[in-house]
Every structure is written in C-alpha cells, then in structure tokens.
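Visitor: I need the structure of the sequence given here:
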Amino acid sequence: MVKISEIISESNGPTFSIELWPPRSKASEIKLAKALPIFESLNPSFASVTFGAGGSTREKTYEMVVRLRNETSIETMAHLVTAAHSRDQLKIILQRYHSAGVRNILALKGDPPLDNGFALEQGELKHAIDLVELVREVGDFSVAVAAHPEGHPESVDIASDRYWLAKKLEFADFAISQFFFNISDYFSLVDDMAKYGIEKPILPGVMAPVSVRTLEKMALLSGAKIPAEVHRRFSSIEDDPESVKKLGVELALELSTELLRQGAPGIHLYTMNEAETAYEIFKGLGLG
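Guide: Okay, here's the model as predicted:
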C-alpha cells in the first residue's frame, strides 16, 4: 500500500509515470492485455487510470486499478470525478478502494463527454477541492489534483484558475498538469504557485499524439492550445499513421528533455494505451 506522494518525495531524481485508459470494448481489452507487459517493463514510478465522463467507466476503472495493483509491479492511482455522483456514491467508491488496498486518488471535477453531444450532469460536490476534502475524510489516501498550465477551459481567467489551484494544493499532496506544448506555460504555473507559497510537486503532463484527430479532440476538451507550427507538422503527414506516431514521439522527447533540464520533478506521460509509443519515449530518455 505505497503512497505516490511518498514515491515522489523519496525519489532520488525525477519520476516517470504514465496514464492508462480502462478498456471500453473487447478489442481494446485485447490491446491492453498485450500492452501491459510492455508498460510494466518500463518500470514507471506509477500509473494513473482514467475515469470516463460522468463515471462511464466507473467499474472498469475500479477493476483495472485493483488488477494492476494485485497482478503487476506498477503502483496505481485511481482517477475519481465529482460529476454525476452524489456525495454518498463517492464515499462508497473511496471505501471500496481503501478496502482493496488502493491508497492513491486523483481528484477531479470531471471531463465533458468525448462526443460533446450533451451536457455533463452536475454532481453533488461542485468542485474538485470538495472531493479532495472528502477523500481526506474517508481514509488515509495520497491525493493528487489536476493543473492546467494554460488555465482550465471553464475558468473566468488565468488568475482565478491559479488561485483555485493553490487552494486545492493546500489540501492535496501534488498535482499533475494537463498536456501542453509551450514549456513556458508550465513553468509560469509553477512560479505562480510559489507566489502563493505552494511548493508541492507539479508533474508536467506530456502527450505524444498518435493521430491528428486525437490531438485536436483532446486539445478541445482540455483547453490546451496547439501551436500553429505543431499543427502544421502533423497535418502535413496526417494520412501516414506511422509518420504521425514518429513525430509524436519526437515532440514528446523534445518537451520531456527540456522540462527535465529546467528542473521539472518528473514526467507524466499520457499514453492512450499506446505501449510502443511509451516504450520509444522511455528509451529515448534512457529509462526502462
């Protein structure tokens, strides 16, 4: 029952972690089964497992988190969202995780549905900070929160977004950032937290796009901006999947290398369950 906050604080150098998705179909189950041995071989510091919009993968997330904890060497963190859940439902989920020996939670408000076809149902807890407080109430967990280098898409402005992130980090142990392409946005966020007296780790999130469609969709949902040059480079090869993946790895390596050079406490890789892409990035960084 290792806490990720302890893994980070006791690490002799930067941490290298991954995000995984619970499978939504038989085909994705087969893909993940083949990918897990590769992910495990990379010896990541930890893995986080996503929680579909409105809890659409609630049971699959739970099953995957517990499976990873029991059947692999990967320490695991469960995503949990306030959206479409009552306080009592969230308490039950947390109690189940605690009983299963899971001690790591990423507390989120929740993402809109991937197809953007309908409004996401509001939960009883209105904000992620409310969920952080509930997690603390239920059990002895390590708690992480999300950070948005370019500001949360629902924030009024960047200043208010920074204020609420600082409030969340007063209660949480660390943060993981949304993916980004401009390194200055990440370090600006870190500097702004320091102005609030917050020096807890903020792990930068890095994504290696595997398709132009995925890049554009995830950027739309997260509020991340795609620099014109990055979009141009991907668009020029979008009909060549292998070239797109190769460019994604190249950009992820460039970002990760520079982030680490400038003192980032680690790298959190948004893998989209693409084990070969993660392998190439870890190999490029001299890991695994």
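
Visitor: Do I have it right that L36 meets T76?
Guide: No: the criterion here is C-beta atoms under 8 Å, and L36 misses it with T76 at 11.7 Å. For every residue, glycine as well, the C-beta is placed using N, CA and C.

Visitor: Quick check: neighbours shared by those two?
Guide: Contact criterion C-beta atoms under 8 Å, 6 or more residues apart in numbering; residues shared by L36 and T76: L68.

Visitor: The lengthiest helix in the chain: which residues count as buried?
Guide: Looking across the chain with DSSP state H, the single longest helix is helix 241-261. Buried residues in helix 241-261, counted by 16 or more other C-beta atoms under 10 Å: V244, K245, L247, G248, V249, L251, A252, L253, L255, S256, L259, L260.

Visitor: how near is the closest residue to T76 other than its chain neighbours to P44?
Guide: Leaving aside its chain neighbours, T76 sits nearest to L68 (4.4 Å; criterion: C-beta to C-beta, 6 or more residues apart in numbering). For L68, the distance to P44 (C-beta to C-beta, to the nearest Å) stands at 11 Å.

Visitor: what pLDDT does V212 get?
Guide: For V212, the model assigns a pLDDT of 87.

Visitor: Phi first, then psi, for it.
Guide: phi -60, psi -40 (degrees, to the nearest 10).

Visitor: for this protein, what spans make up the helices?
Guide: Going by DSSP H, the chain shows helices at 4-10, 26-41, 58-71, 87-99, 128-138, 158-171, 183-195, 212-222, 228-235, 241-261, 275-284.

Visitor: Pull out the buried positions in the helix or strand of the chain with the lowest mean pLDDT.
Guide: For the chain, using mean pLDDT, DSSP states H and E, the weakest element among its helices and strands is helix 212-222, scoring a mean of 86. Buried positions in helix 212-222, judged by neighbour count with 16+ other C-beta under 10 Å: V212, L215, M218, A219, L221, S222.

Visitor: my guess is the last one contacts P153, does it?
Guide: Looking back up the chat, that one is S222. Yes: with contact defined as C-beta under 8 Å, S222 reaches P153; the gap is 7.1 Å.

Visitor: So what sits opposite A47 in the bridge?
Guide: Beta-bridge pairing for A47 (DSSP bridges): I18, T76.

Visitor: That one is in contact with H79, isn't it?
Guide: No: between A47 and H79 there is no contact under C-beta under 8 Å: 11.0 Å.

Visitor: So between these two, which is more surrounded?
Guide: Applying other C-beta atoms under 10 Å to A47 and H79 shows that A47 carries more neighbours, namely 27 against 22.

Visitor: ok, that one - contacts?
Guide: For A47, the contact set (C-beta under 8 Å, 6+ apart) comprises S17, I18, E19, L20, F39, L68, I74, E75, T76, M77.

Visitor: how much space between the last one and I198?
Guide: This means M77. Here M77 is placed at a distance of 20 Å from I198 (C-beta to C-beta).

Visitor: neighbour count winner among those two?
Guide: Legend: neighbour count by other C-beta under 10 Å for M77 and I198, higher for M77 (25 against 19).
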